[in-house]
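In: have a look at this prediction, sequence included:
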Amino acid sequence: MARVYADVNATLGQSWYDYDNFRIDWSPPERYEIVRRVGGGKYSEVFEGVDMANNDQCIIKVLKPVAAKKIKREIKVLRNLTGGPNVVALLDVVLDSSGRYHSLIMEYVDNIEWKQLFPRLTESDIKHYTFQLLKALDFVHSHGIMHRDVKPGNVMVDYQHRKLRLIDWGLAEFYHPGTDYHIRVGSRYYKAPELLVGYKQYDYSLDMWSVGCMFASMIFRREHFFRGSDNDDQLLKILKTLGTEQFDVYLRKYNIHFETELESLLTNYAKLPWSRFITAENQVLASSEALDLLDRLLQYDHHERLTAREAQAHVYFNSVRLEASSAKVE
Ligand SMILES: CN1CCn2c1nc1c(Br)c(Br)c(Br)c(Br)c12
Ligand code: NA
């Protein structure tokens, strides 16, 4: 059971979380023009486009027919989260003339690639963007939704405007206590231990592990902090850092029967001090307050991990919180 927001969906009611029974009014495609392809994946092709009604740039996410069933969930989630801080806005939903291709029209973000961004982030940048990501996630979690695929590729950053948007809600789900969820979600480097050991009754705290991985990347200047070659190797990388003593405590507490033939996964490892990852290049970013926050995010036990709200209250963000609150006063 989630430590916070456990009964949100029960309180908000079926009309909030039921995404099977709702009709979608699809707009005709003529209003939007594709400019260029910016990316894509298993379920969609993503384009930069123009909204001819106002000449604004937009993002056109064309969903592949295979994703048809999941469309309703993504649209329901995006509509529920409309207006939330740092959540990408869904502007329209479009069906092409053939009736085969469903598209989501999203607000445009002048995104800088993570590969280019993470090496140039200053401590003030890291505080700002991490705080903005936590703000988005506390809003999302408090509305009963888990993102389940938090990673740099789903965090759009417009560096010039210091703007951050959480995107790609195709894997998001509504949290209901006691529910077994799929564990083949997320992206390998950012998968929480519960996914890697097959614990299905996870909750919002799944996203907080991923935040921890991104935060570690930023303060240690490493593109991906836990970089496994497959799911077993991913867990091994985590064990070698967090140690096996607390891993065994975690497995016992949740009565998790994790079976493996891999010798490496049955070996004992000591927990490494976070200071082990400090280098000349990142020591200015990896302050003791940053390491304390990191330690409280990268916990095996999902109940122990800080929530997004608790993380925002961490001393590491004192300067940012002050700035945020003074901005409100103006
Ligand atoms: C793969 N790329 C690069 C930029 N970019 C990509 N996918 C995007 C999605 Br989905 C959204 Br929504 C937005 Br907004 C932006 Br920007 C996106
Ligand atoms: Na999206």
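Out: Okay, I see it. None of the values given here were measured: they were computed from a predicted structure. Ligands and ions are numbered 1, 2, ... in the order given.
In: just give me the neighbour total for Gln160.
Out: Other residues near Gln160 come to 8 when the count uses other C-beta atoms under 10 Å. (Glycine included, C-beta is placed from N, CA and C.)
In: give the contact list for it.
Out: Under the criterion of C-beta atoms under 8 Å, 6 or more residues apart in numbering, the contact partners of Gln160 comprise Asp110.
In: separation between it and Gly170?
Out: With distances taken as C-beta to C-beta, to the nearest Å, Gln160 is found 28 Å from Gly170.
In: quick one: check stretch 83-93 for contact with ligand 1.
Out: Yes - residues of stretch 83-93 contacting ligand 1 under C-beta under 6 Å from any ligand atom: Val88.
In: could you find the closest non-adjacent residue to the residue of the stretch 1-150 of the chain found nearest ligand 1?
Out: Ranked by C-beta to the nearest ligand atom, the top residue of the stretch 1-150 of the chain for proximity to ligand 1 is Gly39, at 2.2 Å. Counting by C-beta to C-beta, 6 or more residues apart in numbering, Val46 is the residue found nearest to Gly39 once chain neighbours are left out, at 4.5 Å.
In: test my guess that Gln299 contacts Ala311.
Out: No - Gln299 lies out of contact with Ala311 (C-beta atoms under 8 Å); the separation is 11.9 Å.
In: which residues of the protein score low on pLDDT?
Out: Along the chain, the model assigns pLDDT under 70 to residues 68, 324, 328-330.
In: Gln299 and Ala311: which is more packed in?
Out: Ala311 (24 against 20).
In: ok, now which ones touch that one?
Out: Leu134, Met208, Val211, Leu293, Arg296, Leu297, Phe317.
In: how about 10 Å then?
Out: The contact partners of Ala311, by C-beta atoms under 10 Å, 6 or more residues apart in numbering, come to 130-131, 133-134, 137-138, 208, 211-212, 215, 293, 296-297, 305, 317.
In: out of the residues you listed, grab the one that's most surrounded.
Out: Using other C-beta under 10 Å as the contact criterion, the top neighbour count among the contacts of Ala311 goes to Leu137, which has 29 neighbours.
In: distance check, that residue against ligand 2.
Out: Counting by C-beta to the ion, to the nearest Å, the separation of Leu137 from ligand 2 is 15 Å.
In: roughly how far does the closest residue to that residue other than its chain neighbours sit from Val157?
Out: The shortest distance from Leu137 to any residue other than its chain neighbours is 4.0 Å, reached at Ala308 (C-beta to C-beta, 6+ apart). In this structure, Ala308 and Val157 are separated by 18 Å, where distance is defined by C-beta to C-beta.
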